[in-house]
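# sequence? don't have it. structure:
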C-alpha cells in the first residue's frame, strides 16, 4: 500500500474527526470576524464612521462598506482557489485565517470619524475588503478538507461541520455583542465597547492557527501531483460552466435569506419596528437561533446522506420564501418570544439549504479544480445575493413609519424561485465518488 493510500485509510478513522474539528474551529473564527462587522454595521458603524447622516442613511452607508466586503470575496476565491489547487488546501487555509485576523484587529483599533474625518470610513473600507478577500478563500478550502478526507457514504455529515462553523462564528459574534450590550450603558458601548469583540479576534485567530497547523493535507489532493492544472480558473470555466451557474443559482435564496434573518432583523427592530433599546432583544434571539442552527446543521448533513441533497435544499428554498413575511411581522411585535420564534424558524429553514451545500458543491467539480470551482461558484453568487441584500431590503422597507413588508417578501420569493430552478436542474450527487 502506498503512503498516500495509507493516509486515505487513516483519515477515515479518528483522523477525519481531527480534520473536521480543525475546519470547524478555523471557519468559526473567520466567520466570527466577518459576521461581527455586519452586526456592528447595524448597531454602531453608522454613528461612528458616518455621523453627518440621519440614522437610516448612516446605516445604509455602513451597509455599503459591508457589501463591498462581498465584492472582494470572488477575488479571494479565485486567488486562494488557484493556489489551493496548485500547492495545497492547508497552506491557503492558514493564510486566509491570518489575513482575516489582521483585518479584524485593525478595525478594532481604527479611529472614528470624529478623530480623523473622512480617512476613518476609507480605512474601514480597506479593512472590510481584506476581510472579504480572506473569507473568499476560506469556505472552499475548509469544506474540501472535510469532504476529501471523508468517505462517500458520510460526506454530507462530515462536510456540514465547516458549515456549522459559520453558525458558530455568528453565534460567537452575536453573543459577545449581546454580553457587552447587557453590561455596558449604550453610551459606553457606542464610544468604545464595540471595539472589544474585534480585538478579541486575536485570541481566536491564534487558537485557529494552532489547530489548523496540526492537520495533514488532503489525501485526494496529494494524489493529483502529476495532473494538477497550471490554470485552474481557465480549466474550471472551460469544463464546468454549467456547474458554476447552478452553484450560483442555488446560493441566491440561501444567502439572501440568511442576511435578512440576521443582519436586517437587527436594523428592522431597532430602526423600523422599535427603538435602539430593543437591540438586546434581537441579539438574544440571534444567539438562540444561531445555537439551534449550529446543532442542527450536522444532523441535516447526515440526513442528506440518506435521502439526498436536493430534497432538503428544495424544502429550505421554498420554506424561507413562505416564512419571510411572518418573520417580519413577528419581529415587529417587539416581544421577546415571537422575535425568538421568528429567528429560530428562519435559521432552521436556512439550514436545510446550508447543511448539504458543502457536499453538494464539492461533488460538482473534479479534484484538480475543485477548490477553484466551488469557491468561484459560491463567492460570485455573494455579489448578487448577500452583498446587496441588506441595502435592497432597507430600500424596499422604505419609510420607517410605514415599512413595506410585502416588497421584501416578493424580493426573497424571486430569489427562492431561481434557487428552486437551479436545484431542479442539478443532478443528485449524494454518495458519488470524489475520485475524479
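Sure thing, it's come through. The model shown is predicted, which means the values in this text are computed figures rather than measured ones.
# switch to C-alpha atoms for all contacts and neighbour counts from now on
Fine.
# helix/strand/coil for residue 415?
helix (DSSP: H, G, I helix; E, B strand; the rest coil).
# I'd assumed residue 252 was in contact with it.
Yes: if you go by CA atoms under 8 Å, residue 415 and residue 252 touch, sitting 5.6 Å apart.
# So if I had to pick from the two, which one is more boxed in?
More neighbours surround residue 252 than the other of residue 415 and residue 252, with 27 against 22 (other CA atoms under 10 Å).
# Is that one in contact with residue 418, as I believe?
Yes: counting by CA under 8 Å, residue 252 does reach residue 418; the two are 7.4 Å apart.
# so where does the most centrally placed residue in the chain fall, helix or strand?
Centroid-nearest residue in the chain: residue 166, 5.6 Å away (criterion: CA atoms, centre = their mean). Using DSSP states H and E, residue 166 falls within helix 155-183.
# remind me which residues of the protein are low pLDDT?
The chain contains residues with pLDDT under 70 at 1-14, 53-60, 66, 225-226, 272-278, 436.
# How about the contacts made by residue 196?
Taking CA atoms under 8 Å, 6 or more residues apart in numbering, we find residue 196 in contact with residue 108.
# Please report how far it lies from residue 24.
23 Å (CA to CA, to the nearest Å).
# one step back: does the residue nearest to the centre of the chain touch residue 26 like I think?
No: the pair residue 166 and residue 26 fails to qualify as a contact (CA under 8 Å) at a distance of 9.6 Å.
# Buried residues of stretch 298-318, list them for me.
For stretch 298-318, the neighbour count (16 or more other CA atoms under 10 Å) marks 298-305, 308-310, 312-314, 316-318 as buried.
# Spell out, range by range, the strands that occur in the stretch 301-436 of the chain.
Counting by DSSP state E, counting those that start in this stretch, the stretch 301-436 of the chain has no strands at all.
# tell me the helices in it, going along the chain?
Applying DSSP state H, counting those that start in this stretch to the stretch 301-436 of the chain gives helices spanning 309-331, 336-362, 370-384, 389-397, 405-425.
# Other residues contacting the last one?
Helix 405-425 is contacted by residues 246-247, 249-253, 256-257, 310, 313-314, 317-318, 320-322, 324-325, 328, 393, 396-397 when judged by CA under 8 Å, 6+ apart.
# Name the SS class of the residue lying closest to residue 340 once chain neighbours are set aside, please.
What sits nearest to residue 340 in space, not counting adjacent residues and going by CA to CA, 6 or more residues apart in numbering, is residue 285, at 4.4 Å. Under three-state DSSP, the three-state class of residue 285 is helix.
# start the count at 58, not 1, going forward
Yep, numbering from 58; the last one is residue 342 now.
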